[in-house]
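J.: return a 3D structure for these sequence lines:
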Amino acid sequence: MAVTPLLSALTRLAAVEAHSRTSSRCPCRADTLAERADATVVRHADVVAKAHAPDVSVADLAPRLAAAARLPHLLLPPLTPVPASLHDRLVTFWPYGVPVDPDTPDAAPWEEAAALLARLHRTPAPHALPPMRGPVKAARAVLRLREVSGEHPAVGPVLRAWAGLPGWARGAVPMPDTATLCHGDLHLGQLVRHPAPDGPWRLIDVDDLGTGVPAWDLARPAAWYACGLLPAEEWARFLAAYRMARGPAVPADGDPWPALDVPARALTVQTAARALAKAVARDKPLDEVEECLVDACERMASVPDQLPSSSAK
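T.: Numbers count the residues shown, from 1 in each chain. Down below sits the predicted model:
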């Protein structure tokens with residue numbers, strides 16, 4: 001991986017923060033955990049420094065950091081309450097937590113993730129927390145696809161599936177729920193054990209935290225299950241644990257899909273749009289998983305959504 005100026009400066013910041021928090025000798029070992037257009041993340045010792053997306057402002061981030069600091073039993077709390085500034089990017093500092101191991105899928109903490117999510121959804125949202133950003137991120141993925149798509153044959157099904165969604169799921173109008181606390185981008189990569197190595201699971205990444213429709217936080221595993229990409233047993237474990245923890249996103253029993261259908265469709269379109277935009281930009285064919293997502297988008301146009309009409313506007 002090339003060492004960019006941002007990555008180099010972020011590593012130095014992480015080292016300074018790590019040194020300031022310990023009197024023992026720092027091991028001076030830095031790891032790049034992520035380097036994307038929307039986030040660069042570096043670990044130095046027990047400190048993780050994250051450079052947020054260029055368009056993230058203090059007004060966006062500050063109330064979300066404050067919420068994480070107030071809810072340490074659910075969210076990994078930041079080490080510092082105020083973001084730093086680096087190369088026109090905001091930087092936050094976090095304690096290191098052990099992530100879910102992608103190489104041991106049988107040990108994936110579906111029940112723990114569901115229970116955390118249910119507790120988050122039942123927690124009163126802190127004052128002045130902005131709306132959850134899930135629908136806005138989905139809209140940006142589709143906009144990016146329109147910009148780079150060209151004449152790729154898979155673009156049509158994805159855009160038709162997007163056009164069939166209600167306005168709130170496309171970020172075009174406010175969400176029908178403006179009170180429930182939501183994570184906004186839930187997947188297993190958003191969990192860590194803290195304190196490391198075997199502390200309780202906590203949710204990370206507050207960039208999209210806010211108020212909104214709680215079913216959005218169940219939508220990614222629901223979408224993968226509907227597309228045949230997540231085994232039915234794992235989906236059943238996740239859903240049962242969420243219900244057992246009295247999560248409000250779905251009914252306590254019976255069919256959950258009237259609540260999950262629209263968010264699951266939106267996450268399917270978002271994931272397909274991102275994958276297709278990358279494939280077009282790199283001039284590479286879609287892989288098997290990406291083909292499944294596009295096929296699911298194509299099927300959506302022929303199957304009406306299950307959300308009650310009063311909530312779909």
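
J.: in the stretch 101-250 of the chain, which spans are helices?
T.: Assignment of helices within the stretch 101-250 of the chain using DSSP state H, counting those that start in this stretch yields the ranges 110-122, 134-148, 155-163, 219-226, 232-244.

J.: number of residues surrounding residue 118?
T.: When neighbours are counted by other C-beta atoms under 10 Å, residue 118 registers 22. Bear in mind the C-beta positions are built from the backbone N, C-alpha and C, glycine included.

J.: wait, it sits on residue 247?
T.: Yes. Using C-beta atoms under 8 Å, residue 118 is in contact with residue 247, at 3.3 Å.

J.: if we can go back for a sec, so which of the helices of the stretch 101-250 of the chain gets nearest residue 39?
T.: With distances scored as C-beta to C-beta, the stretch of the helices of the stretch 101-250 of the chain nearest to residue 39 is helix 134-148 (12.4 Å).

J.: so how far is that closest one from its chain's centroid?
T.: Here helix 134-148 is found 15 Å from its chain centre; the criterion is C-alpha atoms, centre = their mean, to the nearest Å.

J.: just the CA coordinates of that helix, formatted as CSV?
T.: Below are the C-alpha coordinates for helix 134-148, written out as CSV (Å, rounded to 0.1, in the frame of the first residue of the first chain):
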residue,chain,number,x,y,z
GLY,A,134,-28.4,5.4,5.7
PRO,A,135,-30.8,6.6,3.0
VAL,A,136,-28.5,9.5,2.1
LYS,A,137,-25.6,7.1,1.6
ALA,A,138,-27.7,4.9,-0.5
ALA,A,139,-28.7,7.9,-2.7
ARG,A,140,-25.0,8.8,-3.1
ALA,A,141,-24.1,5.3,-4.2
VAL,A,142,-26.8,5.5,-6.9
LEU,A,143,-25.6,9.0,-8.0
ARG,A,144,-22.1,7.7,-8.3
LEU,A,145,-23.4,4.8,-10.4
ARG,A,146,-25.1,7.3,-12.8
GLU,A,147,-21.9,9.2,-13.1
VAL,A,148,-19.7,6.3,-14.2
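
J.: returning to that earlier point: shared neighbours of residue 118 and residue 247, anything?
T.: Shared contacts of residue 118 and residue 247, defined by C-beta atoms under 8 Å, 6 or more residues apart in numbering, are absent.

J.: what about the stretch 201-313 of the chain, any weak spots by pLDDT?
T.: 304-313 (pLDDT under 70).

J.: re the thing from before, let me know which of the helices of the stretch 101-250 of the chain is tucked in deepest.
T.: Highest mean neighbour count of these: helix 219-226, a mean of 23 (counted as mean count of other C-beta atoms under 10 Å).
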